[in-house]
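# Return a 3D structure for these sequence lines:
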Amino acid sequence: MNLLCLADLIDTPLLQRLRTGHATLPSQDGRNTAGWAARAVKHNLQLDGSDARVHALQVELQQHLLAHPLLRLYARPHRVTLPLFNRYRVGMQYGRHVDDALMGEPPLRTDLAYTVFLSAT
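Below is the predicted model:
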């Protein structure tokens with residue numbers, strides 16, 4: 001596995017919009033989007049992607065990430081799924097799992113996964 005760590009990936013205005021949205025927009029049980037392998041170990045909340053405001057944040061973050069020159073060079077993405085926003089409360093966790101080979105609608109092969117942390121803690 002090759003890891004790439006990009007510090008300060010998101011500029012301050014976008015980070016503020018993401019944090020505000022993350023704190024105020026509707027969420028649902030994270031297992032709703034988990035594949036069969038992850039469903040048993042996924043205990044978190046996830047912003048509801050069917051909400052237009054959440055969808056707008058997903059698109060904005062995706063466009064921002066795809067514009068990053070180092071990420072484009074490293075990943076060379078042709079197609080990507082929209083990012084999912086997870087929320088963890090005390091006692092929640094996402095245990096060891098393997099992502100499904102196909103994710104999203106329409107299904108997309110998932111050769112690369114990433115995590116973007118919106119909080120320093």
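
# Output the longest helix belonging to this structure.
Using DSSP state H, we find that the single longest helix of the chain is helix 52-66.

# The lowest-mean-pLDDT helix or strand in the chain pairs with which strands?
Here the helix or strand of the chain ranked lowest by mean pLDDT, DSSP states H and E is strand 102-103, holding a mean of 82. As defined by DSSP bridges, the strand partners of strand 102-103 come to strand 108-109 (antiparallel).

# contact partners of the strand it pairs with?
79-81, 101-102 (CB atoms under 8 Å, 6 or more residues apart in numbering). In this view, the C-beta of every residue, glycine as well, is placed from N, C-alpha and C.

# for stretch 17-37, same thing?
For stretch 17-37, the external contacting residues (CB under 8 Å, 6+ apart) are 10, 39, 42-49, 51, 53-54, 57, 60-61, 84-87, 94, 97-100, 103, 118-119.

# So which bits of that stretch are buried?
Of all the residues in stretch 17-37, those buried under the rule 16 or more other CB atoms under 10 Å are 18, 21-22, 25, 27, 30, 33-34.

# ok, now stretch 105-118?
Buried residues in stretch 105-118, counting neighbours by 16+ other CB under 10 Å, are found at Leu118.

# can I have it written out in CSV, keeping just the CAs?
Provided in CSV are the C-alpha atoms of stretch 105-118 (Å, rounded to 0.1, in the frame of the first residue of the first chain):
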residue,chain,number,x,y,z
GLU,A,105,-24.4,5.1,-8.0
PRO,A,106,-23.7,4.2,-10.7
PRO,A,107,-21.2,1.7,-9.4
LEU,A,108,-17.6,2.7,-9.7
ARG,A,109,-14.6,0.5,-9.1
THR,A,110,-12.8,1.8,-6.0
ASP,A,111,-9.1,1.4,-6.5
LEU,A,112,-8.2,4.3,-4.3
ALA,A,113,-9.7,5.5,-1.0
TYR,A,114,-8.9,8.6,1.0
THR,A,115,-9.8,10.3,4.2
VAL,A,116,-9.9,14.0,4.7
PHE,A,117,-9.9,15.1,8.4
LEU,A,118,-11.9,18.3,9.1
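
# Appreciated, that's everything.
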